[in-house]
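Peer 1: Here is my input; please provide its structure:
(2 chains)
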Amino acid sequence: MQITSFQLRETESPKADLQRYGIAVSASVAIGISAVWLALWTLGVPQRLVGSGVMTMKSNLAVAIILAACGLLAVGRKSSAPMRRRTGLATGLAVFCIGGLTLAEHIFRTNFGIDQLLFSEPVGAAAVMSPNRMGPPAALCLTLIGIALLALCWRKWGIAQYIGIAVWLINLVPAVGYLYGAQSLYARANVTGIAWSTIPALLALGTGLIFSRFDQGPVSVFLSDDAGGRLLRALFPATVIVPVALGYLRTIGEHQGFYDAVTGRSLLVLSMALIFTVALWVIAARLSAATRSEALIHRRLRLVFERVALGIVEVNDKDEFIAVNAMACEILGYKEEELLQMTVHDLTAPEDREASDHLNSQLHEGVFERFENEKRYLKRDGTPLWVRVTVTALRDDAGKFVGAITTVEDIEARKKAEQELRASEEKFRATFENAAVGIGRVGFDDARWIDANEALCGMVGYTAEEMASTPWPQITHPDDVEIDLVSFNKLAAGELATYTVEKRFIHKNGHTVWARLTLSAVRDADGKPSYEVAVVEDISERKQAQLEAEQSRNELRFALNAASAGSWSLQVGAEHFNLGSESQGLLFLPERPSFEEAFARIVQEDHAQIQTELRACAEGLRDYVVQFRVRSPQGQTRWIEAKGQRIKKDGAWWIYGINHDITETKAVERALMESERRLRRFYESGMVGVFYWNSNGAITEANDKFLEITGYTRGDLESLQLNWQRMTPEGYRESDQHYIAEVAATGIHRPREKEFIRRDGTHVPLIIGAATLDESGTEGVAFVVDITERKQVELALRESEERFRTLAENIPQMIWVADAETNFFYLSSKWLEYTATTKEQNANGGWATVIHPDDRAQALESWRAAIESGSVFVSEYRIRRYDGEYRWHLSRGVPMFYPSSKKKLWFGTTTDIQDQKRAQEALIRTEKLASVGRMAATVAHEINNPLELVMNSVYLATLDKNLSASSRESLGIAEQELERVAHLTRQTLGFYRENTAPTTVDAATLVRDVVQIYVPKFTQRRIKVSHEQAEELRIDAVAGEIRQVISNIVANAIDASTSGGRLRVRTRAVSLNGRRCVRLTFADTGEGILPAHLQRIFEPFFTTKESVGTGLGLWVSSEIVQRHRGKLRVKSRRGRGTVFSIFLPESKHQK
Amino acid sequence: MPARILVVDDERGIADTLKIILSRSGYESVAVYSASDAMDVIPAFRPHLVISDVVMPEMNGVELASELLANYPETILVLLSGNAATEELLAQADGRLASVIVLAKPYSPRKLLRLIAELTNTVDAA
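Peer 2: Modelled structure (predicted):
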């Protein structure tokens, strides 16, 4: 998923060399000077100098300096070698002891007797406290140097550097003293005594210590590349050397008497002021030039940052964006200020965050300085975007991570292409291995199988290994090698991209296997064929059936030909009419019919034509040729072609002719006309380029689309005499020859890709297919589809796509063939897929196991009956699908007798009729409901009459003036209750009626009537009902049916409002699709309908109320509303409620 | 002059009770038990209003209505039907029958009397 590269941190630099040489030179100088002095001591020179006033380096000091120099060489540079560290420790300790003890002698004015351990010195040497004892400055320096060495051993670099500087300062005092002849600065034995030659040795050691670490402390400032470093380096010589040198010159001048002390002082100040001013001026000029060029560089960088076509972002050490350029914003779809609020972590897609964070933390820690990574960022709209980032760390001088610069490159397109390619590869791989058809790859050079899938191996009986070592001609039937080889060679030569043959393989067992082979060449990047993909389908069974079918067809044709021609003769102007016996059958006539009888058989519309032609023939104008239809008494129609000639016989004119059955020819003609019509539509649709061609290459006609594709105008078509051969680029001419041959041989040209040269000279890639229009094959039609776009997009995918096309060509059908003995001996792969069974499982009656147990006996019985009577097999039964669901299927098989095998075969299909079956069941159930309704109507009449009588009687009773108060009250109640019963029966029983003619009714009244019935239910469920109605709105409706719909919806609303609520009903006029409609709205506040259910509630038998619902209510409702040319709509939100709307067309009979 | 009302119903109980109810309310009323009897009585009785059942043997209420309105178009006709389809039947039968008032059985006598009062008042006014 990610490509990452790292660049490790630099560890070596030129400074390391400087350090190495600096230390080596310093140590050498110190050792050199001290060694000379030790040699002099051995020769006794210093001893003899006593009394001369010359100051000498003492022997202990010389030894200590050599030791210190060795220590410096050992530990001056970073090293972890134990030997070096031990050397450093030993020398450091020794130097510290020598220096420290001597210093103690000076301070405490004692003598430890260490001074003359090596050499003794006579008393009286210059500027010494005691013979052969070094002075206090040297002793102090040694002590410090010892400490510095020890510090280096413990890696306290800073200390060593500061000690180096201290050594310099200490020695600067006597150095100046020697220079200006100030004896108190170098010759006071108890304070400053030091020999002049000691000074450079100690300075060398100090320098070495300073070199031990440059990238820290004061020295780093001196050496740094920035302005400060440059300033210091430029000024340092001036500030140190100039005063020293001028002071020396002044002293010399005064000694020589060139000027007095006052003049000397004045000259010193003057010259110093002058020199410093000049030096400062030069430095300032350089600095400002440097700053200017830096600003320029900065500006350029800024420009690059802002304008470059690459996203650039800068982050700080917390991974927060602190600068982003315009391109980065554009790639990521964020505004600059938005990005500046975010971190890298936020922006990275969640799936890549872990990896990205890990890389960043390694960058922080300094594992590497730079890395490249491919990952996904989240764009502002939340979509992931593949980018390649290059992250470079920014560090301060101390090497601390302060941030990073990242370049961001959008690689979405490349990633997508990669993924598609991979997916397509995988798809192909899966298909290859699991395909039901055989697939294999064949090499071009040796014609050997590179690999073959299981299906292919099974087909020919070889193992995959055996296949790999077998050239395909070896397992091909000898008669078929030639045809296959020709195409194979053309494929190898690149003349063909793909071809299909039917050929025979030889099974390992020796028998023949018929196969349909589709081969496609796969080319490498250079376009050279590398191997071919073979898709092999076993068609042995089909081939067998085909052979048999062909045979029987031939027999049939012969018989038909023999029977379908019949002769006749007719005497001109007389009654004589003879019809051959064959013709009688042909024209559905009894024996020896009269002309009138025969004429009556002919379809009315064809009479006129026959009469005209007969007359013309009788008059000798032309031969009699006519096509007409005859109709049998049973209504069967037959097309007849009659041909006749006028012949003189026995002095009279006769027309002699024959009749020929052309019913089939006519059917073919009709089919042709139909396909011609379709072609025309195709031609004019403008989706596909179409042109008509002839074998000379001329384009005789073309549609606009073809002209558009090729860039010509209609004028060009006529004036330029377009020629498709001339429009074909050179590279395709040769392969065209093959296709021309194919078209000539088969009449069609399977679609393939080629190119045409457009009017402007560019090439347009396209898919072309062609077919001949006549037998001779000299004229034809071709279809052209422009695939420029596809070509571009699919270049990378082409290879696998092509392989797929060859696979996708055969869609298996659910077809079976059976005979009386073996039952089903052929079952199409669709059956096997559908039922998830194997051929073996279906054999020997095993097919019946997938039939539902309840239907099995009946299905087998039907099959047995069909076999016994040799008749058509039809049965409906449920078949178990691969997922275990039983679905209704209709199986139908037609028997056909095969003379060759002397047996009957049933050719059958099995069709999924689950949905029809359901609809049928639904119909039966509604039929039941309707009969209940009819019964209800009858019952209503029977109940209503007695009720009427009771009501009348009770009323009469109330008229009795002698009634007691309580009786009157009782009668009052009786009357009220009767009124209620009357209302109820009117409402409920009134819904069902036999008459379904629509009447004009008021919609609001319908609603009110229904809602009224449910009032008790509403009260019980604590549902508040409001009814908002417009002025009277009339609809043409079968009132009872609409009441049923409303009742259904209201009942559903009550069921949904389990915990009370509100039902709002509204009637109003609306416009729906331009029609004036009445809209009845029912809005409840119930539990609502699940979105998944919402799509299905109008399906029959869909119910969520398993125990009480029939699942028919809403289905019936929608049917009723549809019948009223209305619409039923539902909207629902779970937990919020449901709104049903019934739209019904407004009646034209408005008041 | 009280309005004359003819009651037609093959259910004798209904016809009789209705006749009594109407008489008590001051109408001059006659009850018959078939449509053909009704056609016999009408020429002599000349009712302002006829209340008839629909489902009857031989001649039914709708046929009666058709016959009656052809000969006596000014007569007000009220059909008391136990069958909800009566209204549609009438609508289909003939345009003239649209003026027939159809009531569903059972119909409360109180409401019927109110209706008749309204209808006969209109007659008087005319």
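Peer 1: Let's test this: name the helix or strand in chain B with the lowest mean pLDDT.
Peer 2: helix B:86-93 (a mean of 59; mean pLDDT, DSSP states H and E).
Peer 1: quick one: strands adjacent to the helix or strand just after that one?
Peer 2: Once the chain leaves helix B:86-93, the next helix or strand it forms, by DSSP states H and E, is strand B:101-104. The pairing partners recorded for strand B:101-104 under DSSP bridges are strand B:76-81 (parallel).
Peer 1: which residues touch the strand it pairs with?
Peer 2: Residues outside strand B:76-81 that contact it (CB atoms under 8 Å, 6 or more residues apart in numbering or on different chains): A:948, B:9, B:48-55, B:61-62, B:65, B:68-69, B:86, B:90, B:99-105, B:107, B:115-116, B:119, B:123. Quick note: C-beta positions are derived from backbone N, CA and C, even for glycine.
Peer 1: Up against chain B, what does the stretch 601-750 of chain A have?
Peer 2: When proximity is defined by CB under 8 Å from any CB of the partner chain, the stretch 601-750 of chain A lies next to chain B nowhere.
Peer 1: Nearest to chain B: which residue in the stretch 601-750 of chain A?
Peer 2: residue A:635 (38.0 Å; CB to the nearest CB).
Peer 1: That residue: what secondary structure?
Peer 2: coil (DSSP: H, G, I helix; E, B strand; the rest coil).
Peer 1: Likewise for the one 10 residues further on?
Peer 2: The assignment at residue A:645 comes out as strand when based on three-state DSSP.
Peer 1: Quick check: it vs residue A:662, distance?
Peer 2: 19 Å (CB to CB, to the nearest Å).
Peer 1: Looking at these two, which is more packed in?
Peer 2: residue A:662 (17 against 13; other CB atoms under 10 Å in any protein chain shown).
Peer 1: so the residue of the stretch 451-600 of chain A found nearest chain B is in which element?
Peer 2: Proximity of the stretch 451-600 of chain A to chain B (CB to the nearest CB) peaks at residue A:600, 45.4 Å away. If you go by DSSP H and E, residue A:600 is part of helix A:595-601.
Peer 1: And the helix or strand following that helix, what's buried?
Peer 2: With elements assigned by DSSP H and E, the helix or strand that comes after helix A:595-601 is helix A:607-618. For helix A:607-618, burial by neighbour count (16 or more other CB atoms under 10 Å in any protein chain shown) applies to A:610, A:613-614, A:617-618.
Peer 1: With stretch A:905-912 instead?
Peer 2: So, applying 16+ other CB under 10 Å, buried residues of stretch A:905-912: A:905-908, A:910.
Peer 1: cool, stretch A:719-739 as well?
Peer 2: Per 16+ other CB under 10 Å, stretch A:719-739 contains these buried residues: A:722, A:724, A:727-728, A:732, A:735-736, A:739.
Peer 1: In those residues, find the pair that's most separated.
Peer 2: The most widely separated members of these, counting by CB to CB, are A:722 and A:735 (20.7 Å).
Peer 1: quick one, strands of chain B?
Peer 2: Applying DSSP state E to chain B gives strands spanning B:4-8, B:28-32, B:49-53, B:76-81, B:101-104.
Peer 1: angle of the fourth one against strand B:4-8?
Peer 2: The reference is to strand B:76-81. 30 degrees (axes from the mean of the first three to the mean of the last three CA atoms, to 10 degrees).
Peer 1: Now strand B:76-81: average pLDDT?
Peer 2: For strand B:76-81, mean pLDDT is 87.
Peer 1: Check the offset of that strand from the chain's centre.
Peer 2: 4 Å (CA atoms, centre = their mean, to the nearest Å).
Peer 1: could you dump it to PDB, C-alpha only?
Peer 2: Extracted C-alpha coordinates of strand B:76-81, given in PDB (Å, rounded to 0.1, in the frame of the first residue of the first chain):
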ATOM      1  CA  ILE B  76     -92.800  12.400  -4.700                       C
ATOM      2  CA  LEU B  77     -91.100   9.000  -4.300                       C
ATOM      3  CA  VAL B  78     -89.200   7.700  -1.300                       C
ATOM      4  CA  LEU B  79     -87.600   4.300  -1.600                       C
ATOM      5  CA  LEU B  80     -86.700   2.500   1.600                       C
ATOM      6  CA  SER B  81     -84.200   0.000   0.700                       C
END
